[in-house]
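1. Task: produce atomic coordinates for the following.
(one chain, ligands or ions: 1)
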Amino acid sequence: MLRTLENATALVTGASSGIGRATASILSRSKARVALVGRRQSVLEELATECGSLASAYSCDMTDDAQLERLAARIQTDFSGIDILIHSSGIIKLGKTETAPVADLDAQYAANVRGPYILTKYLLPLLRAVSGQIVFVNSSITRANNTAGRGSYAATQQAVHSIANALRDEVNEAGVRVTTIFPGTTATQRQIDLHEMSGKRYDPDRMLQPEDVAEAVLFALTIGRTAEITDLYLRPMLKPLV
Ligand SMILES: NC(=O)c1ccc[n+]([C@@H]2O[C@H](COP(=O)([O-])OP(=O)(O)OC[C@H]3O[C@@H](n4cnc5c(N)ncnc54)[C@H](OP(=O)(O)O)[C@@H]3O)[C@@H](O)[C@H]2O)c1
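-> All right, here's what the predicted structure looks like:
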C-alpha cells in the first residue's frame, strides 16, 4: 500500500514529546505539512528543524481557551485548510479518591477532555470542508480493571472516548473519519516519570515504543477511504518483569 500524505496538512498536539513527537515525525516523513503543537516552543522548534521545511511550531496551552482560539485562527490563516487532526497531548495524575486533591481531577479534565473538545470544535469546519480525519490517542486504561489510584485519569479517557464516538456519528456523513487509538504502556517521558515516582524499574524494551503507536496512527490515516478504523488497541508484546 502506498502510504504517502503528500499535500495533506496535519495538526499534532503533544508534538513536543513521546507519542505526539513520533507521530509528527512519521507524518512529516510521509510528506504531510505538520503543525506541531505543545507549550514548549523551543522544543517544538527543534523538532520542526529536524522535520524540515514542511513542519512549523505553534505554542498553545490546551487548558487556555483564548490560546486555543488563537491557535485555530492562526491555522486558518497559515494553511488553506487542514486535513488531519491528531490529539496526543495530555497529563496523568495518580492518587486515591480519598486523598487525591480535587484540583488533580480538574487539571486532567481541562487538559485531556476540555482542550481537545474545544480545538476539535474550532477546526471542524476546516476538516469537514475536505472530508478530513481526526485521531484521538486515548489509553487502554479504558478497558482495564486494575485502575486503583488512576480513577480520575481513567475517567478523562472514558470521557474523550465518548466524545470521539458521538463525533463520528455527527461527521461520517460529511466523509470525516474519527479514530481512537488505545495504546498500552509506551516508553515515553510520562512512563519515565511514573516509574521514578513509584520506585519501579523502568524497562522500555518491555513497553510499546512511541514509533509503534505512530505507525498505527499512520495506518488509520492511510487505509482506503471505504473503511474507517474506529478503535484500535495496541499492547506491548512483553509484560513487565516483577
Ligand atoms: N506513555 C504511555 O504509557 C501512554 C499509554 C497510553 C496512552 N497514552 C496517551 O498518549 C498521549 C501522549 O502521551 P505520552 O506518553 O506521549 O506523554 P508525554 O511524553 O508526557 O507527552 C505529553 C505531551 O502533552 C503535551 N501537553 C501536556 N499538557 C499540555 C497542555 N496543557 N497544553 C498543551 N500541551 C500539553 C506536552 O507538551 P508540553 O509539555 O510542551 O506542553 C507533551 O508534548 C496521552 O494522551 C496519553 O494519555 C500514553
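
2. need the residues of this structure near the ligand, please.
-> Residues of the chain lying close to the ligand (CB under 6 Å from any ligand atom) are 14, 16-20, 38-40, 43, 61-63, 88-91, 111, 137, 139, 183, 185-186, 188-191. Every residue, glycine included, has its C-beta placed from N, CA and C.

3. Type out the PyMOL command that picks the buried ones from those residues.
-> Provided next is the PyMOL selection string for whichever of these are buried by 16 or more other CB atoms under 10 Å:
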select buried, resi 14+16+17+18+19+20+38+39+43+61+62+63+88+89+90+91+111+137+139+183+185+186+188+190+191
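
4. Just the residues of the chain next to the ligand: which are in strands?
-> Gly38, Val137, Pro183 (DSSP state E).

5. in the protein, what residue is nearest the ligand?
-> Proximity of the chain to the ligand (CB to the nearest ligand atom) peaks at Gly18, 2.2 Å away.

6. Report pLDDT for the residue lying closest to that residue once chain neighbours are set aside.
-> Once flanking residues are discounted, Gly18 sits nearest to Thr188: 3.0 Å by CB to CB, 6 or more residues apart in numbering. At Thr188, the model reports a pLDDT of 98.

7. Name all residues that make contact with Thr188.
-> Ser17, Gly18, Ile19, Pro210 (CB atoms under 8 Å, 6 or more residues apart in numbering).

8. With just CA atoms, put stretch 143-154 into CSV.
-> Written as CSV, here are the backbone C-alpha positions of stretch 143-154 (Å, rounded to 0.1, in the frame of the first residue of the first chain):
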residue,chain,number,x,y,z
ARG,A,143,-10.8,-1.4,29.4
ALA,A,144,-8.6,-2.1,32.4
ASN,A,145,-9.9,-3.4,35.8
ASN,A,146,-6.9,-2.6,37.9
THR,A,147,-7.3,1.2,38.0
ALA,A,148,-6.9,1.9,41.7
GLY,A,149,-5.1,5.2,42.1
ARG,A,150,-5.8,6.0,38.4
GLY,A,151,-9.6,6.6,38.6
SER,A,152,-9.6,10.3,37.7
TYR,A,153,-7.3,9.8,34.7
ALA,A,154,-9.3,6.8,33.5
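
9. Figure out how far that stretch is from the centre of its chain.
-> Mean-position distance between stretch 143-154 and its chain equals 19 Å (CA atoms, centre = their mean, to the nearest Å).

10. neighbouring contacts of that stretch?
-> With CB under 8 Å, 6+ apart, stretch 143-154 has contacts from 92-97, 100, 104-105, 108, 112, 139, 141-142, 182, 233.

11. Can you flag which of these belong to strands?
-> Phe182, Tyr233.

12. count of residues packed around Thr77?
-> 8 (other CB atoms under 10 Å).

13. which stretch of helix or strand covers it?
-> Counting by DSSP states H and E, the element that carries Thr77 is helix 65-78.

14. Ala48 too?
-> Here Ala48, judged by DSSP H and E, is contained in helix 41-51.
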